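A.B. asks: this is a predicted model, with the sequence first.
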Amino acid sequence: MCGAFVSPSSSILIIPRKLQFLTPSNRSFKIKPPRYTSVVNQNHSNRWSLQGMTALVTGGTRGIGRAIVEELAGHGAIIHTCARNESELNSCLKGWLDEGLKITGSVCDVSSPHDREKLMDDVSCVFDGKLYILVNNVGTNIRKPMVDLTAEEFSTLMSTNFESVFHMCQLAYPMLKASRTGSVVFTSSVSAFVSLKSMTLQGATKGAINQLTKNLACEWAKDNIRSNAVAPWYIKTSMVEQVLSNKEYVEEVLHCTPLGRLGDPNEVASLVAFLCMPASSYITGQIICVDGGMSVNGFYPRDG
Ligand SMILES: NC(=O)c1ccc[n+]([C@@H]2O[C@H](COP(=O)([O-])OP(=O)(O)OC[C@H]3O[C@@H](n4cnc5c(N)ncnc54)[C@H](OP(=O)(O)O)[C@@H]3O)[C@@H](O)[C@H]2O)c1
């Protein structure tokens, strides 16, 4: 029996009898497996489609995660997402249901091992044990000089940003393998490539994600599971709202960004969708920056 879901038809959580539409035999939508497992001989529309693929996207109620959920769903994927805030999750699920999108969700704090296990039980139940796409999107930040970080803050950053994705991959592996054509995408950051002020530990967690991306690409290639990461610079989301409310700070950000603007969550989501499609079937182990050129910027005075 499926367990802890938030039902779009109800603001009440975790009550299986209210969630019959989510159970494998009774859900209101049927999961039809994609018609292919390899890119060879696929026609153009199949290569650029996620039709019928099941996907778990963590942190899908706001920002980059939400854009990824909507982008993947727009390409035909069937999504399960999660977040900590139950009412925000319910409101998103209701909105998506009204738009006819196939999206379900669970309340889950990815920094909790118990919650992660519960989430994966839910995913297995909703998707009949087959997962094509895992997007490890949740991450957090605590901006401080490294000597000022407390042991508790260290633990929060490590468990939310790295331990969670490591464990999530372990838990998802049997389902990704069962799909026979899995794709894992991590949300890294440019902080894993260049030094950013007061982000030493956050950058280290993203650096660890980058190496995990590469190792999984090799370790899981035998199962036809690809592993890639996207690494954004400043993207307009609630996470960076506060720091971007400082006009002088934004000026500095724009100054070191060749394209001269902040990014939009959709500009990350489109790359994630591509990395999940058969069109990218020979791409694995890559970390791609979505940064307006920030990470390759050298010395270009403003007046030329
Ligand atoms: N925005 C940027 O400029 C930027 C740049 C580089 C990298 N990134 C990376 O992009 C990813 C997404 O960031 P964002 O800017 O989109 O963040 P955001 O706007 O703050 O959204 C975060 C989403 O994740 C959920 N979430 C947060 N902590 C969670 C937890 N412990 N367990 C479950 N769900 C959780 C939030 O819902 P609840 O609060 O309800 O849990 C929300 O849905 C992060 O990994 C971040 O490091 C962002």
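C.D. replies: Arrived safely.
A.B. asks: tell me the buried residues in the longest helix along the chain?
C.D. replies: The helix that spans the most residues within the chain, counting by DSSP state H, is helix 200-219. Within helix 200-219, the residues that count as buried by 16 or more other Cβ atoms under 10 Å are 200-210, 212-214, 216-217. C-betas here are computed from N, CA, C, even on glycine.
A.B. asks: and those near the ligand, which?
C.D. replies: Restricting the buried residues of helix 200-219 to those adjacent to the ligand (criterion: Cβ under 6 Å from any ligand atom) removes every one of them.
A.B. asks: what sits up against the longest helix of the chain?
C.D. replies: Contacts with helix 200-219, where a contact means Cβ atoms under 8 Å, 6 or more residues apart in numbering, come from 136, 139-143, 145-146, 149, 153-154, 157-158, 161-162, 165-166, 169, 184, 186, 188-189, 191-192, 195-196, 225-229, 231, 284-287.
A.B. asks: 7 Å instead?
C.D. replies: Helix 200-219 has contacts (Cβ atoms under 7 Å, 6 or more residues apart in numbering) with 141, 146, 149, 154, 157-158, 161-162, 165-166, 169, 184, 186, 188-189, 191-192, 196, 226-229, 284-285, 287.
A.B. asks: stretch 163-178 now?
C.D. replies: Identification of contacts with stretch 163-178 by Cβ under 7 Å, 6+ apart yields 56, 110-111, 113, 116-117, 120, 123-124, 129-131, 134, 136, 138, 182, 184, 186, 209, 212, 216, 223, 225.
A.B. asks: what comes up buried for that stretch?
C.D. replies: Using 16+ other Cβ under 10 Å as the test for burial, stretch 163-178 gives 163-165, 167-169, 171-173, 175-178.
A.B. asks: got the contact list for the residue nearest to the spatial centre of the chain?
C.D. replies: For the chain, the residue lying nearest the average C-alpha position, counting by Cα atoms, centre = their mean, turns out to be residue 137 (2.9 Å). By Cβ under 7 Å, 6+ apart, the contact list for residue 137 reads 57, 58, 59, 64, 65, 68, 187.
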